[in-house]
Structure formats: C-alpha cells, structure tokens
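Peer 1: using only what follows, build the 3D model:
(3 chains)
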Amino acid sequence: MEADELHTDGNAIAGLLQEIFVAEFTTLERTCQSCGDRNPAGSHRSYQGAGIVMRCPNCGDVALRLAALPDRLVFELLGTWSRPVEPRPSGAALR
Amino acid sequence: MSPRRVPLTWRIATLARLQPETPSATTLVLDVPDWPGHLAGQHVDVRLTAEDGYQAERSYSIASSPQDSQLALTVERIEDGEVSPYLTSELRPGDPLELRGPIGGYFTWQIGDGGPLLLLGGGSGLVPLMAMLRHRVDSTSSVDATLLVSARSLDDVLYREELTTLAENGVMVRYTLTREQPPGWTGWAGRVNAEMLSELGAEPNRHARVYVCGPTGFVEHVADLLVQLGHDPHAIKTERFGPTGG
Amino acid sequence: MNAYPALTETETRSRPVVSGIPPRSSLNNKTYRCDVPPISRGFFGRRRTDVDPSRIPPGQYLVDDFPVLSAGPTPYTQLDEWTFSITGLVDEPVTWSWEQFLALPSELVRKDIHCVTKWSKLDTEWKGVSVDVLLDNVDTSADFALAFCDGGYTTNLPLAEMTDGQAWVAYEYNGEPLEPIHGGPARLLVPHLYFWKSAKWVRGLDLRDHDEPGFWESNGYNNHGDPWKEARYWSD
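Peer 2: You can find the predicted model right below:
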C-alpha cells in the first residue's frame, strides 16, 4: 500500500467513534472482509473526505464509512467486528 | 484490564499555567473538575468557540501521568494553524477550555501491561510516550524502557531535561535530529533507519511492547522498518497525527 | 453535537451564542453547563471575511489554501497506464490514452468551488476537456452517469448536470499539472455542485438510464449536492 502522509488512524477519530458507538472503539478488532487480516480499529487508516473512511491496514479495503449529519449518523461497517465483554458462563444464550 | 468506560461529555477545564517547552511548543497545565482519570497514551479533544458560535476542534495527547492531579497537554504551535496558535499564544491562566476525554483504548500503556517498552516518537509524537514514561516513574517501575526521539533540531526536542534525567536513571534514550545538529553532535542525524533500530536493540525476539507515534509519514516509515526487522505488524501500536504531525 | 472530527483543518459551526446571556461557566465554585460552550476569548479562526457574500453559498466560509480531502490513499497512476473511458449505455465504448486525451480540445476555466465540509475557494483555475467534448464521441440515450476512479471512488450525476458547459475532466490546476493529492493525473470538475462530486483520480464515466448513488451519496450525502440550496445530506 502506498505510504500516504495525509491519513491518520482510528485513534484520531476515537472521540467521534465513541459518540456513535457509546463505547471505546479503538480496541474493537476487525477481521477484514477482503483479506481476512485481523486488526484493532485503532490501527486502521482513517481518511477525511466528505465524511470519514476507515481502511484495513493490510489491504486498504473499506472498513467503515461514516457521515455525521446534523441530526443523525450514517455509517456502514464492513468486515467482522468483535469486542471483549465480561466473561459469561458457556452455554448461556444471547438474549 | 480494559480502560474504564465513562460517558464522553464535554467539560470545562481551567488553564492553571503555561509551561514553555521549546520555541514552538507549550504545555498547558489544566485543572479539570471531576476528571475520571486516564491511561498513558490517551488524548483529549479540545474545542474552541468564537463569539459568533463558530467552532474548531482538535485532539491533543495527554502529557501528564495518570498519577498527576492536573492534566497536561503539550501543544506544538503550527504555522497557519487555527487552534494551536490560539492555545499557545492567547490562552491565559484562569481561562476556560472545553475538552472531552480521556479518549483512546488502543494506544495505551499501564504498568500492568508489562514491558520491555520500545517507544519511538517523531516531533510531538513524543507527548503520549512521555505520559507512559512518567507513569512508569510515578509507579516506581523498573520495566526496561527504550526511547527514540526524532526531532528537527535539538531545540525542538520536548522535555529535554526530563529525558536526560530518565537516561541517567536507566532508560535508554536516543535522539536523531533530522534538519540540523549542534556543533559537536555525536548523536544520530537524519531520518530513522534500520541501523539506528538495530543499535537501539529493537529486535523482535525481545518481545517488547512497541509504540510509534508522530506525523503520519514518520509512523509509516518507522513501522515499515520494524516490520522489515522482523516485527509482527500486529504487535506494533501506532498513532498517526496526520501530515503536520499535530 | 459536533458533526466534524478533529482530523484535518475541518471546522464545525454551532448555533450562535445568544448575546447578553453569559455562559454559566462559573469556575470558582465549580458549576458549569456544557450545553453552552465557553467562549474562547479572542478566537476567530482562520476564516476570511473580505469577500463578496453573494459568492459564498449558505453555511460556507472562505479559505485561501486548498484543503486536501480524500476517501483513501493517493493513487499514483502512471501516465502510460492511464486511460479515460466512456462505458455503459453507449453504442460503442470509447477510451482515450493520456496522449490522446491531451490532444482533445481543452479549455481554461476559472471557477469557485465549494466543499461540503464548509470551505469555499474562489477563482480556482483549471485546464481540462469539457464533458460535452467527451460525450460528442458517443451515442447514448442515457440520463445518468457514474464517475469511476482509481482507488474505487464513485459519484453519480445526471447527464443534464454535466453538459452544456457545466463539467470538465481537468488535468491542470493553476497552470501546473494537477498534483496527485488534488486528483492528478485528472479529476472530474463539476463546480456548481459540492466538490465531492468533482471526483479525484477519475478514469471514466459509466452511462446509465437509472441513477445509482455513488460512494458518499449512498452513505448520508445528498444525491444532488447543490451548495446554493445547501443540499449537503440525505435529509436536505
């Protein structure tokens, strides 16, 4: 991937992401839908266009597309995301 | 241990004092009511509001250790910047400053995470790394720590006296000056290269906790070098400040 | 809630503080209300004010620099690999190489540009090929186009908004070859709409009889994007 100087990463937009998801976002892990690599959101490249785009640090494919409108947030999450939670007994169904 | 989850709300801090660091950088020492505490490596978002309602927002890494009772932000003044000239030249002790935080759970280090620590900072990328080193001192930890500082010139190196003290107390601190070096300089010069990393002892088999922070170009370059040295890219924690480097 | 993050030099605009009512941020006894932000004494920002207001669409402010925004990394397409094509609902798709493209009749235009992130820049100078010239080379009944670009970015436009001197494929800015960070080798230029429609690194137009939202239009941004109607978002 071309080493571009203009992007930042998930850390730079962490405040906005926390507003949206009401939880710390940079530690969420994402398995890329294109290359299968697994990386935390904090290490994903972030780009500012009209809205924000986060991309896989390995292959550059889109991980998150985000627009912050005055009255809503519009976002598309790609890939498989996971976040740790307090341990729950095995066999307990998600309700 | 995962970072405490607190609602991210805007608060009004008060500037307690200004502390010049370099000709272009100043530390803002703030009193923040009901500050929930933070982890070394986290940052805050700062927001300025003009009289007509116009607002501008920027992120600044926290320079102070979590054990500190006041919050310190080190701000590099960017020529033609919109927020940094205001923070470094206009803000006066007693003035309010709106901020929210702490923010960031990925680029953090606490004593419980262990070491050895390998920290590489370019320009103001040194700020969150300094919070980590201050936390290490405040915790009277003897975790092995190595710091590489890249700066334009010696005058641009943040926290020089404190870094000298750290170096005298077991932290390996090395500098590379990229634009100009003082007469008789025996340290490194120019962009970080593989040789410097080798001399730093940055081998992957040490299984160090690696943190790279600074302008985006610096971070990409150093991370690439570390990967070429054999580091697993997933084991390198990065924080990019964008083209101006914050 | 602030809509824009602290990434590049992006600013937000909040409601003006009602004059005469001071924010209740009494710090001595540690009470504060955060729904009324404290005024940053002496802060104005980098906005320019010396401008004919009729040239600035609603909600915009004027800048002197040329902010760089992008949905992804800068592609660095080599000119010997670059082509521009018109595909889709056409009798015969057409493709130009870089040399062929530069040989097409070109124009110098001076335009004001307006970004949905609220900055405007006046009197920008471009050299490029009018989309009218490009479309002269195809037979089509299409009403819509989807511009496609290196890096995967897309944006959609009605053909009626791209013809009659409203759009160009530009390869020079300010008398110099268009820099990659600003969309070079060539970008679409549709200055009467918000600048996300002026797709960087454009490689062609796919013509259709149906309108398909592009990269941002499918994720919150207005399908049309008229700055004079302040049509920024879906809800506008």
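Peer 1: wait, doesn't residue B:74 sit right on residue B:127?
Peer 2: Yes. Residue B:74 lies in contact with residue B:127 (CB atoms under 8 Å); the separation is 4.8 Å. The C-beta positions use only the backbone N, C-alpha and C, and glycine is treated the same way.
Peer 1: look at the two and report which has more neighbours.
Peer 2: Neighbour comparison, residue B:74 and residue B:127: the larger count goes to residue B:127, with 31 against 25 (by other CB atoms under 10 Å in any protein chain shown).
Peer 1: now name the helix or strand holding that one.
Peer 2: For residue B:127, the host element (DSSP states H and E) is helix B:126-138.
Peer 1: check residue C:157 too.
Peer 2: Counting by DSSP H and E, residue C:157 is part of strand C:154-158.
Peer 1: put the alpha carbons of that strand into PDB.
Peer 2: Taking Å, rounded to 0.1, in the frame of the first residue of the first chain, the C-alpha atoms of strand C:154-158 are listed here in PDB:
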ATOM      1  CA  THR C 154     -17.600   6.800  -7.400                       C
ATOM      2  CA  THR C 155     -20.000   9.600  -7.700                       C
ATOM      3  CA  ASN C 156     -23.300   9.900  -9.600                       C
ATOM      4  CA  LEU C 157     -24.600  12.800 -11.700                       C
ATOM      5  CA  PRO C 158     -27.500  13.400 -14.100                       C
END
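Peer 1: buried set for that strand?
Peer 2: Residues of strand C:154-158 classed as buried: C:154, C:155, C:156, C:157 (neighbour count, 16 or more other CB atoms under 10 Å in any protein chain shown).
Peer 1: with stretch B:137-150 instead?
Peer 2: Applying a neighbour-count criterion of 16+ other CB under 10 Å, one finds B:137, B:143, B:144, B:145, B:146, B:147, B:148, B:149, B:150 buried in stretch B:137-150.
Peer 1: do stretch A:75-93 as well
Peer 2: A:75, A:78, A:79.
Peer 1: what of stretch B:175-185?
Peer 2: Here stretch B:175-185 shows B:175, B:176, B:177, B:178, B:181 as buried, counting by 16+ other CB under 10 Å.
Peer 1: so what's the second one bridging to?
Peer 2: It refers to residue B:176. residue B:150, residue B:188 (DSSP bridges).
Peer 1: isn't it up against residue B:195?
Peer 2: No. Taking contacts as CB under 8 Å, residue B:176 lies outside contact range of residue B:195: 10.7 Å.
Peer 1: show the pLDDT at residue C:4.
Peer 2: On the pLDDT scale, residue C:4 is placed at 33.
Peer 1: and what of residue C:31?
Peer 2: 38.
Peer 1: related to what we said a few turns ago, what's downstream of the strand holding residue C:157, the next helix or strand?
Peer 2: strand C:168-173.
Peer 1: tell me, how many residues neighbour the residue in chain B positioned nearest to chain A?
Peer 2: Residue nearest to chain A within chain B: residue B:106 (2.7 Å; CB to the nearest CB). Applying other CB under 10 Å, we find 26 other residues in the vicinity of residue B:106.
Peer 1: ok, now which ones touch it?
Peer 2: By CB atoms under 8 Å, 6 or more residues apart in numbering or on different chains, residue B:106 lies in contact with A:10, A:11, A:14, A:26, A:27, A:40, A:41, A:42, A:43, B:237.
Peer 1: distance check, it against residue B:185.
Peer 2: 35 Å (CB to CB, to the nearest Å).
Peer 1: re the thing from before, kindly reformat the buried residues of stretch B:137-150 as a markdown table containing pLDDT.
Peer 2: Supplementary listing: those in a markdown table, determined by pLDDT from 0 to 100:
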| residue | pLDDT |
| --- | --- |
| B:137 | 97 |
| B:143 | 96 |
| B:144 | 96 |
| B:145 | 98 |
| B:146 | 98 |
| B:147 | 98 |
| B:148 | 98 |
| B:149 | 98 |
| B:150 | 98 |
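Peer 1: looking at those, which is nearest chain C?
Peer 2: residue B:150 (22.4 Å).
Peer 1: so that closest one versus residue A:5, what's the distance?
Peer 2: 15 Å.
Peer 1: identify all contacting residues around the helix holding residue B:127.
Peer 2: Identification of contacts with helix B:126-138 by CB under 8 Å, 6+ apart yields B:40-43, B:60-68, B:73-74, B:107, B:109-111, B:117, B:119-121, B:143, B:145, B:147, B:149, B:151, B:157-159, B:162, B:166, B:171, B:211, B:213-214, B:239, B:246.
Peer 1: hey, which helix or strand in chain A has the poorest pLDDT?
Peer 2: helix A:14-21 (a mean of 87; mean pLDDT, DSSP states H and E).
Peer 1: ok, now which ones touch residue C:43?
Peer 2: B:48, B:49, B:50, B:56, B:86, B:90.
Peer 1: dump those residues to a markdown table, plus pLDDT, neighbour count and secondary structure.
Peer 2: Shown next, in a markdown table, are the contacts of residue C:43 (pLDDT from 0 to 100; neighbours: other CB atoms under 10 Å in any protein chain shown; DSSP: H, G, I helix; E, B strand; the rest coil):
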| residue | pLDDT | neighbour count | secondary structure |
| --- | --- | --- | --- |
| B:48 | 96 | 27 | strand |
| B:49 | 95 | 22 | strand |
| B:50 | 92 | 22 | coil |
| B:56 | 92 | 27 | strand |
| B:86 | 96 | 22 | helix |
| B:90 | 94 | 13 | coil |
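Peer 1: now the residues you listed in TSV, with distance to chain A?
Peer 2: Shown next, in TSV, are those (distance: CB to the nearest CB, whole Å):
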residue	distance to chain A
B:48	15
B:49	17
B:50	19
B:56	14
B:86	19
B:90	23
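Peer 1: of the residues you listed, just say which sits nearest to residue C:65.
Peer 2: residue B:56 (14.9 Å; CB to CB).
Peer 1: is the closest one bridged to anything, and to what?
Peer 2: With DSSP bridges as the rule, residue B:56 is bridged to residue B:48, residue C:11.
Peer 1: before we move on, the earlier item: could you flag which of the contacts of residue B:106 are buried?
Peer 2: A:10, A:11, A:14, A:26, A:27, A:40, A:41, A:42, A:43, B:237.
Peer 1: mind checking how far the third one is from residue B:108?
Peer 2: Summarising the geometry, the distance separating residue A:14 from residue B:108, computed by CB to CB, is 11 Å.
Peer 1: what score does the residue most central in space within chain A have for pLDDT?
Peer 2: By CA atoms, centre = their mean, chain A has its centre lying nearest to residue A:41, at 4.5 Å. pLDDT for residue A:41: 96.
Peer 1: what of residue C:26?
Peer 2: Value listed for residue C:26 in the pLDDT field: 32.
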